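Engineer: Give the three-dimensional model of this entry:
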Amino acid sequence: MKTRCSWANPSNPLYLHYHDHEWGVPCHDEVQLFEMLNLEGAQAGLSWETILNKRENYRLAFDGWDAKKIAAYDDAKVATLLANAGIVRNRLKVAAAITNAKAYLRLCEEKGSLDAYLWAYVDGKPIINDGERIITTELSDRISKDLLKRGFKFVGSTIIYAYMQAIGMVNDHASDCAWRKTKGKK
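Structural biologist: From the prediction side, this is the model:
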């Protein structure tokens, strides 16, 4: 049996799959980048496992993370989302996803894509750390400040650092984790 990072709950197949195939793996898929930005924000004050277990419900509730559709949500759609037990029913977090969709569309007009915007910060190459527990960095501070200035919500530095790990801009697999050298791929 391969050694994994200590946070990967071995009793949850979704968590193991996430650890083994997503976390720390460079992502350039625009929809997944937008999804993960919003899910990391939804996690604020909760565990990642809670959000991961609701991920499919989020995809359904938020129209497959189609930013154009989300940007057009009205009060009736917000009420439907707030009544959906399959997601975190927090008014501020639901509103943030809508605000983020609008900010995302503006960012894409200016930068071409979220992918181009994000990966320019690291010259297209992931940062490989030594597996120590990091919560924020100067880079996550900088990205957070810029996203906030662009109108994004729930994008504080701690959330952005977790996001950077989730989308593989940073590989923080533990030094003894079998996925460390493979950047998350089996």
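Engineer: By residue count, tell me the biggest helix in this structure.
Structural biologist: Ranked by residue count, the top helix of the chain under DSSP state H comes out as helix 91-111.
Engineer: and it, how far out from the chain's middle?
Structural biologist: Helix 91-111 sits 14 Å away from the centroid of its parent chain (C-alpha atoms, centre = their mean, to the nearest Å).
Engineer: again with stretch 138-155
Structural biologist: On the basis of C-alpha atoms, centre = their mean, stretch 138-155 sits 13 Å off its chain's mean C-alpha point.
Engineer: Just give me the residue right at the centre of the protein.
Structural biologist: The residue lying closest to the centre of the chain (C-alpha atoms, centre = their mean) is M36, at 2.6 Å.
Engineer: And for that one, nearest residue in space, chain neighbours not counted?
Structural biologist: Ranked by C-beta to C-beta, 6 or more residues apart in numbering and with sequence neighbours excluded, the top spatial neighbour of M36 is A166, at 5.0 Å. C-beta: built from backbone N, CA, C; applies to glycine.
Engineer: The one you found: how many residues sit nearby?
Structural biologist: 24 (other C-beta atoms under 10 Å).
Engineer: Am I right that it is in contact with E22?
Structural biologist: Yes - counting by C-beta atoms under 8 Å, E22 is a contact partner of A166 at 7.0 Å.
Engineer: Which residue ranges of this protein form helices?
Structural biologist: Using DSSP H, the helices of the chain run over residues 13-21, 30-43, 48-61, 67-71, 75-82, 91-111, 114-120, 138-149, 157-166.
Engineer: So which of those helices is nearest D176?
Structural biologist: helix 13-21 (13.7 Å; C-beta to C-beta).
Engineer: helices or strands next to that closest one in the packing?
Structural biologist: With contacts defined as 3 or more C-beta pairs under 8 Å, 6 or more residues apart in numbering; DSSP states H and E, the packing partners of helix 13-21 are helix 48-61.
Engineer: The helix it packs on to helix 91-111, inter-axis angle?
Structural biologist: With axes from the mean of the first three to the mean of the last three C-alpha atoms, to 10 degrees defining the directions, helix 48-61 sits at 70 degrees from helix 91-111.
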